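Peer 1: when you get a sec, could you give me coordinates for this:
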Amino acid sequence: MLDALIQEFLDGLAARRSAHTVKSYGSDLSQLAQSLDGEFDLTTERLRAYLRKYGTSPVTRARKLSALRTFVKFLKATGRLTSDPTEPLDAPIQRKKLPKALSQLQASDLLDQPDGGASPLRDRALLELMYAAGLRAAETVGLNAHEVDFKERAVMVRGKGNKQRMSLFGQACAEALEAYMRHERVQPRSGAPLFTNKWGQRITTRTVQNVVKRWATRAGLPPETSPHTLRHSFATHLLDGGADLKSVQQLLGHESLATTQVYTHISIERLKKTVQQAHPRSKGV
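Peer 2: Here you go, the predicted structure:
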C-alpha cells in the first residue's frame, strides 16, 4: 500500500516540480518504504528511526525530512492521514554558506575586457545577460530569441519547475545582444534558441560554464567564479544599490523570500567592511 501511495504522490509532484526534484523525492521515499517494510505505519518513532538510519549527514537528513513532510502533507490533503507525525521531528541545524559574489569592480573587470575566443560577441552577450538579469546557466541556455523584448529591455525566463518570470536588462546588455544577433548568431537548425554554437545548435550549460571560466581567468578573478557567481552578484549589487528585497525575489524567481534574504547578509558584511576601512571611529563595528 505504501509503495502505491508514494507513486501516486510522485505522479502528482511531476506536474509542478522539476524532474530532478521528483527523482530525489522518489529515492528518499523508496528508502522510507524499505525502512517500514512497505507498511503504511507512519508513526513519529518509525520516521525518526528512518532518519537516523538514512540521514547520515545534516544536509541529507534535512533533505529527507523535507521529502517526508511534503509526502505527509499530500497524505493529509487526500484524507489518508488526520495528523502530522513529522511535527515533533527537528531539522538539523545547518550553517548556511553565503554565496560568493563579485565586487562591482570585479564585475566591470569581467565585462569590460576585450573580446576573445571563437565566438566573442556571443560570449559577451551571454555574460552581460546573465549578470544583468540574474539568470541561471540552464535558464540562459533555454532562452529563445523571441523571448527577448528589446523595446522593453525585458526577457521572459523559464526557471525551476518550468515557472516563468520576467527579468530586465540595461543598455550595455541590449547593445551586446544586438551586436551578437546581427553579426555572429548562427541560424538555428531547429527551434529558435537565442544562443547557438557554430553548427546552429542550442548551446549547453557546459559551454556557459566554460565561457565564464575563460573570461574570469583572463580578468584575474577568483578561480571559483562560476555562472552562479554572476547571479549572486546581480542580487547583491541590486541590494547594495537600494533595491527592495521583494523586487529582488521576483527578479530571481525565488518562491520563498527567505531564500532571497541570504543576500542581505552579504550586503551587510560589505557595509561593515566599508565602515571599518573608512570611518575614523569604526573599531568594534
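
Peer 1: residues in contact with residue 201?
Peer 2: Going by CB atoms under 8 Å, 6 or more residues apart in numbering, residue 201 touches 188-189, 193. (Glycine included, C-beta is placed from N, CA and C.)

Peer 1: by neighbours, which of those residues wins?
Peer 2: residue 193 (20 neighbours; other CB atoms under 10 Å).

Peer 1: state whether residue 246 and residue 261 are indeed in contact, as I suppose.
Peer 2: No - in this structure residue 246 lies outside contact range of residue 261 using CB atoms under 8 Å: 10.8 Å.

Peer 1: list the buried residues in stretch 174-192.
Peer 2: Residues of stretch 174-192 classed as buried by neighbour count (16 or more other CB atoms under 10 Å): 174, 176-177, 179-181, 184-185, 188.

Peer 1: and for stretch 6-17?
Peer 2: Residues 6, 9-10, 13, 17 are the ones in stretch 6-17 that count as buried (16+ other CB under 10 Å).

Peer 1: quick check: mean pLDDT across that stretch?
Peer 2: For stretch 6-17, the mean per-residue pLDDT is 90.

Peer 1: got it, and stretch 127-136?
Peer 2: pLDDT averaged over stretch 127-136 gives 95.

Peer 1: give the buried residues for that stretch.
Peer 2: 127-136.

Peer 1: which one of the residues you listed is nearest to residue 237?
Peer 2: In terms of CB to CB, no member of these lies closer to residue 237 than residue 131, at 8.6 Å.

Peer 1: can you pull the contacts of that closest one?
Peer 2: 107, 110-111, 173, 230, 233-234.

Peer 1: beyond the helix or strand encompassing residue 215, next helix or strand please.
Peer 2: Assigned by DSSP states H and E, residue 215 falls within helix 205-218. Downstream of helix 205-218, the next assigned helix or strand under DSSP H and E is helix 227-240.

Peer 1: tell me the angle that next one makes with helix 205-218.
Peer 2: Angle of helix 227-240 versus helix 205-218, following axes from the mean of the first three to the mean of the last three CA atoms, to 10 degrees, is 70 degrees.

Peer 1: check which element follows helix 227-240 along the chain.
Peer 2: Assigned by DSSP H and E, the successor of helix 227-240 is helix 245-252.

Peer 1: which secondary structure elements does that following helix contact?
Peer 2: strand 164-168, helix 227-240, helix 257-278 (3 or more CB pairs under 8 Å, 6 or more residues apart in numbering; DSSP states H and E).

Peer 1: can you list the domains in the chain?
Peer 2: 2-77, 104-277 (automatic domain parsing).

Peer 1: these: which one's closest to residue 83?
Peer 2: domain 2-77 (8.0 Å).

Peer 1: re earlier: could you dump the domains of the chain into CSV and include distance to residue 89?
Peer 2: Output for those, formatted as CSV (distance: least, CB to CB, whole Å):
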stretch, distance to residue 89
domain 2-77, 6
domain 104-277, 20
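
Peer 1: residue 4 sits in which helix or strand?
Peer 2: helix 2-13.

Peer 1: which helices and strands sit right next to that helix?
Peer 2: Against helix 2-13 (3+ CB pairs under 8 Å, 6+ apart) you get helix 19-35, helix 58-77.

Peer 1: not counting its own residues, what contacts the first one?
Peer 2: I take that to be helix 19-35. The contact list for helix 19-35 (CB under 8 Å, 6+ apart) reads 2-3, 6, 9-10, 13-14, 46-47, 49-50, 53-54, 63-64, 67-68, 70-71, 161.

Peer 1: residue 82 contacts residue 72, doesn't it?
Peer 2: No - if you go by CB under 8 Å, residue 82 and residue 72 don't touch, sitting 11.1 Å apart.

Peer 1: state the distance from residue 35 to residue 221.
Peer 2: 46 Å (CB to CB, to the nearest Å).

Peer 1: next: residue 263.
Peer 2: For residue 263, the distance to residue 221 (CB to CB) stands at 19 Å.
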